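Visitor: model this:
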Amino acid sequence: MAEALISLTDVCKQYSRGKLIVPVLDNLNLEISQGDFLALMGPSGSGKTTLLNLIGGLDRPTSGSVIVGGERVDKLSENKLAKWRSQNVGFVFQFYNLLPVLTAQKNVELPLLLTGMSAKQRREHAATALEIVGLKDRAKHRPRELSGGEEQRVAIARALVSDPSLLVCDEPTGDLDRATADEILSLLQVLNQQHGKTIMMVTHDSKAAEFAKHILHLDKGSLTFETNQVGSEEPA
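Guide: Predicted coordinates for the structure are as follows:
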């Protein structure tokens, strides 16, 4: 049994809308092992993105604890939390959030501007990340010169550039056609199986979920059941 990288205990999350309290997550308990690739599925409004944001340190629970890599992230100050995110978590979203005026290389370098790295070190790390995602020859291209799949690969390279242990992916193939989506999902499998990245992916797409090792179902703020994938040990 692999060591747990992520542990959520009795997590509740509520939002206030005026005097109205909106419950999103209800007394949720979850452990995710180091090196897992987990797909999180459920209907819209079930709390999937909220759960992802809690694990990635983008939000805090109303109650309960969130531990990632031995760090009680829900108790960190804002400054310490920002530093923790930059070192431990890579984020991949449905829309690539690339800056159009920057090249692929410069977009990938952006997270490293928060570190003490020299310009040369930033370039070297970005070049390595682009090579991992198969875009070494597109480093000088701007987003408008790339296909949707290439833009998402740049976004994944940006998530990888600080060598985080955890990738959190929110609908990473939601804006892509089936063939391109499968290429991106195969890349995520490689990052999981060959580079040891733990991946938590929210998706509405059952075909996308098949690339993960486990499928977790969330409904009305509660975990309903988990599906263990068969034959998920090798990249597709």
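
Visitor: In three-state terms, label S65 for me.
Guide: Reduced to three states with DSSP: H, G, I helix; E, B strand; the rest coil, the structure at S65 is strand.

Visitor: List phi and psi for K136.
Guide: The phi/psi pair for K136 (degrees, to the nearest 10) reads phi -60, psi -40.

Visitor: Run a quick check on it versus T128, I expect a contact.
Guide: No. With contact taken as CB atoms under 8 Å, K136 and T128 are classed as non-touching, separated by 9.2 Å. C-beta: built from backbone N, CA, C; applies to glycine.

Visitor: low pLDDT regions in this protein?
Guide: Low-confidence regions of the chain, defined here as pLDDT under 70, cover residues 1-2, 228-236.

Visitor: OK, contacts around D36?
Guide: Applying CB atoms under 8 Å, 6 or more residues apart in numbering, one finds that D36 lies in contact with A2, L5, T198, I199, K213, H214.

Visitor: In contact with the second one, which residues?
Guide: By CB under 8 Å, 6+ apart, the residues touching L5 are I32, S33, Q34, G35, D36, V68, G69, S165, L166, T198.

Visitor: Who does F91 form a beta bridge with?
Guide: With DSSP bridges as the criterion, the beta-bridge partners of F91 are V168.

Visitor: Sticking with the residue lying closest to A209 once chain neighbours are set aside, tell me its helix or strand.
Guide: The shortest distance from A209 to any residue other than its chain neighbours is 3.8 Å, reached at A39 (CB to CB, 6 or more residues apart in numbering). Using DSSP states H and E, the element containing A39 is strand 37-41.

Visitor: What is that strand packed up against?
Guide: Under the contact definition 3 or more CB pairs under 8 Å, 6 or more residues apart in numbering; DSSP states H and E, strand 37-41 sits against helix 48-55, helix 178-193, strand 198-202, helix 206-209, strand 214-219.

Visitor: ok, and for the fourth one, which residues are buried?
Guide: By neighbour count, and taking 16 or more other CB atoms under 10 Å as the criterion, the buried residues in helix 206-209 are A208, A209.
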